[in-house]
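Q: Can you look at this prediction? I've put the sequence above it.
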Amino acid sequence: MDKERVSACSYPLQKEGLDYTFKVISEAGFKKIDLLAKMPHFSVTDPEFSLDELERVSDRYGVAVANIGSYCGKGFSSVSEDERDAAVDEMEKTLAAAKRLGAKSIRVTPGSGEREVIDLVVPYFQQAADRAEKHGVYMGIENHGGAISGNPDACKEISEKVGSKFFGILYEPCNLMACGVEYKAAFDTLRDHVVHVHFKDGKYDQDEKWVRTMLGEGIIDFQWVFEQVEGTGYDRDYALEFEVGNIEPVETGYKKWYETWKNA
């Protein structure tokens, strides 16, 4: 495994300012961040956000932005033309910001998330894919639960219809397991469309309920995932997503996750 191609999601620090967020992630050992597109971390729509300040903090801590965890595309299926136009503008600004920051990818949302909107949102994503290709930035729908994002067949359908290598899926094995989808089987469906990867871990408890664990203490075989994804020619980053604040504070937990990754 190439241990340097790793970032830390800022999600567990979403209520903290940029300075503290980058400090925690830097002290854990990471050189890259997967930045949540919510204030105070990032926004292309909030006038309070400063891209210059983000760059200053990034330089101060030596932590580069690898991916922007945005929600672009959510408005593509709106019945309001104004909302659809606003969604196009948000997408274009986010892609431009990603290019400026050197981020290789952004997360996107397939409209309302219902399968019946696929044909409505595809033309908007095709337009965005043209812009994304010019910027060299990939767009990925994260595997959350939902009629599209939690369904590998629907993810494959929308990816094939958009028809661009710059559009695809943010493969998240733990999220798939949480919504009842076996992640290895899902990869067989998604393998040609993976544009980014998130890692966290989990297992079934005594009641057969899926619960999250510290990285390396669950049943997600991230060595297998890495090998499978690399086999597709993927050459970008892998993001560790610490969502177990109930087990340990992120301030100490992320360092343990980084060590687990580094020693795998």
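A: It's in.
Q: hang on, Asp89 in a helix?
A: Yes: in this structure, Asp89 lies within a helix as judged by DSSP: H, G, I helix; E, B strand; the rest coil.
Q: Distance of it relative to Asp188?
A: In this structure, Asp89 and Asp188 are 37 Å apart, going by Cβ to Cβ, to the nearest Å. C-beta: built from backbone N, CA, C; applies to glycine.
Q: again with Ser26
A: 37 Å.
Q: more crowded one of those two?
A: Neighbours were counted for Ser26 and for Asp188 using other Cβ atoms under 10 Å; Ser26 has more, 17 against 10.
Q: Which of the helices or strands spans that one?
A: Counting by DSSP states H and E, the element that carries Ser26 is helix 18-27.
Q: Distance from that helix to the middle of the chain?
A: Centroid separation for helix 18-27 versus its chain: 19 Å, with Cα atoms, centre = their mean, to the nearest Å.
Q: Give me the angle between whatever helix or strand comes next after it and helix 18-27.
A: From helix 18-27 onward toward the C-terminus, using DSSP H and E, the following helix or strand is strand 32-36. Taking axes from the mean of the first three to the mean of the last three Cα atoms, to 10 degrees, one finds strand 32-36 and helix 18-27 inclined to each other by 140 degrees.
Q: After strand 32-36, which helix or strand is next?
A: Along the chain past strand 32-36, the next helix or strand (assigned with DSSP H and E) turns out to be helix 51-61.
Q: Which other helices and strands does that following helix contact?
A: Contacts defined by 3 or more Cβ pairs under 8 Å, 6 or more residues apart in numbering; DSSP states H and E place helix 51-61 against helix 18-27, strand 64-72, helix 81-101.
Q: could you give me the average pLDDT of it?
A: Over the span of helix 51-61, the pLDDT mean works out to 98.
Q: how about it as CSV, C-alpha atoms only?
A: Extracted in CSV, the C-alpha atoms of helix 51-61 (Å, rounded to 0.1, in the frame of the first residue of the first chain):
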residue,chain,number,x,y,z
LEU,A,51,-10.6,30.7,0.1
ASP,A,52,-7.5,32.8,0.8
GLU,A,53,-7.8,32.0,4.5
LEU,A,54,-8.2,28.3,3.8
GLU,A,55,-5.0,28.4,1.7
ARG,A,56,-3.2,30.3,4.5
VAL,A,57,-4.2,27.6,7.1
SER,A,58,-3.4,24.8,4.7
ASP,A,59,0.1,26.2,4.1
ARG,A,60,0.6,26.9,7.8
TYR,A,61,0.1,23.2,8.8
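Q: Run through who's touching it.
A: 18-19, 22-23, 25-26, 33, 42, 64-65, 97, 100-101 (Cβ atoms under 8 Å, 6 or more residues apart in numbering).
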